Every structure is written in structure tokens, then in C-alpha cells.
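Novice: Give the three-dimensional model of this entry:
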Amino acid sequence: MSPRRRSRKTDGTDQLLLLVGGLVITGAVLAAVVDFVRAYPWVPVVVLLLGGGAAAVWLVGRQRAARWERVRSQGLRYALTQLDALHHRQFEHAVRDLMQRDGCANAVQVGGAGDNGADVKATDPYGRRWVVQCKHRRAGLSGAAVGTPDLQVLNGTGRPVHKGDVVVLVTNGRFSKPALDFARSQQLHLVDRTMLGEWASGSRPLWELLRAVPPPRRPLAG
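Specialist: Residues are numbered from 1 along each chain as shown. Next comes the predicted model:
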């Protein structure tokens, strides 16, 4: 018999011995557990009670955290001075949080490289898809006005690419006159500093502040 065949046979024998040994050990452990339970039948009951209690505490904690998160989001408010002080990425997150406060549970911040003109996406309780671009101005009204080029990018992607029902540009600054005219002609919605202040510091959802928002896709649940 060649050394290779003897090696394979030895390996098979070793594996069989290991398997048998594992079964013997497993059987011994199970027998010991059974003997222990017979001798102390109250131990499994205590273990189950402790486990159930721990699970109940964990579940209550999660429910409480979710309840407080709902309270926090519903009471979310921003002053314009707070929004002015944000980094532009933080401004996008603030707009996302306001959309969530309004009932858009799936609102998400998507701004960044390759965002195709969308910084925040959300679906409102009426089933309408929102596509929001954010333009933050450190100087507020004193900063550069948002112009037509920004709106042209949003107009080119908001509906064709992102499938938006409501396409919005939000700024803590102002819009140029050509931008206002372009938005009207293309049915784009603009949120300037005045409307942003009312939205962020109040409790009314954005769709109640904007004009000519598309009709709901579905009735409000409840």
C-alpha cells in the first residue's frame, strides 16, 4: 500500500474517532443535564423566569425609546439663527428631520457626490414622493441669491430621475427674480427664508404652507 493511501486511511480513522468521541461527550453532557434537572427541577423554572423578565425589560425599554423619539420629532423646532449656523450638510439633515416631524417616516438625506440634484427624499402620509434640494447660505438673506442654474438641475432630475411628485428647493436665503419665474413655469416649489422660518419654528407640515401641491395619492391613514 502506498504512503498516500495509508495517509488517507489514517485520516479517515482519525475523523471517525473524533466523531465517536464527540458523540460520547455530548451524550455524557446531556445525561448530566438530565440528572441535574431531575435533582433540581426548580432551576429551569427560575432560568425561564429570569430570561422572560430580561426580555420584557428590553421590550419596554425599546417601546419607551421609540415613544420619546416620536415626542422629540413631533416637537422639533428650529430658529433661523440655528439654521444659519449649520454646515450645509447639517442643514440637509435638519430639513430631513423636519420632514420626519411632519409624518414622512422614510425621509432620508441623500445629498453628496452623485446625488443628481436631490439632497432629501421623502414620502408624505398622503403617498406623495418629495424630492428636495437644499441651498444653505451662511449669510442668510445677505448671501448670494439662489439662481436659475440650480433650479434647472433640480428640474432635470426631480421628476425624470427621482420620480418626485413634489419637487422643492429649500434655502435659508433668497431666490433671484429669474429663478422665481422659472420655478412657476416648471411647477417647482420654492421655500425661501420667510417660509422656512415659519415651517421650522411651527408645527404645520410643509404641504400646508406651499401652494398648488399635487393632490394626495392616498387618504391619510386614520
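Novice: Look up the pLDDT of the residue lying closest to Leu180 once chain neighbours are set aside for me, please.
Specialist: Once flanking residues are discounted, Leu180 sits nearest to Leu190: 7.0 Å by Cβ to Cβ, 6 or more residues apart in numbering. C-betas here are computed from N, CA, C, even on glycine. Note for Leu190: predicted pLDDT of 98.
Novice: Can you get me a residue count around Leu190?
Specialist: 19 (other Cβ atoms under 10 Å).
Novice: shouldn't it be in contact with Phe182?
Specialist: No - contact criterion Cβ atoms under 8 Å: Leu190 and Phe182 do not qualify, at 9.9 Å.
Novice: that older thread, secondary structure class of the residue nearest to Leu180, three-state.
Specialist: Recorded secondary structure, Leu190: strand (DSSP: H, G, I helix; E, B strand; the rest coil).
Novice: Show me what the top helix by length along the chain is packed up against.
Specialist: Longest helix in the chain by number of residues, with DSSP state H as the criterion: helix 3-39. Packed against helix 3-39 by the contact rule (3 or more Cβ pairs under 8 Å, 6 or more residues apart in numbering; DSSP states H and E) you find helix 42-74.
Novice: Who is the residue sitting nearest the centre point of the chain paired with across the strands?
Specialist: Nearest to the mean C-alpha position of the chain, by Cα atoms, centre = their mean, lies Val108 at 5.3 Å. On the basis of DSSP bridges, Val108 is bridged to Lys121.
Novice: For it, which residues are in contact?
Specialist: 96, 120-122 (Cβ atoms under 8 Å, 6 or more residues apart in numbering).
Novice: and which of those residues is nearest to Pro215?
Specialist: Ala122 (17.4 Å; Cβ to Cβ).
Novice: gap between Val153 and Pro44?
Specialist: 65 Å (Cβ to Cβ, to the nearest Å).
Novice: Also Gly75?
Specialist: 47 Å.
Novice: These two: which is more packed in?
Specialist: Pro44 (12 against 9).
Novice: And the pLDDT at that one?
Specialist: Per the predicted model, pLDDT is 75 at Pro44.
Novice: Tell me which residues touch it, please.
Specialist: Per Cβ under 8 Å, 6+ apart, neighbours of Pro44: Val37.
Novice: give me the low-pLDDT residue ranges for this structure?
Specialist: Applying pLDDT under 70 to the chain flags residues 1-12, 60-74, 219-222.
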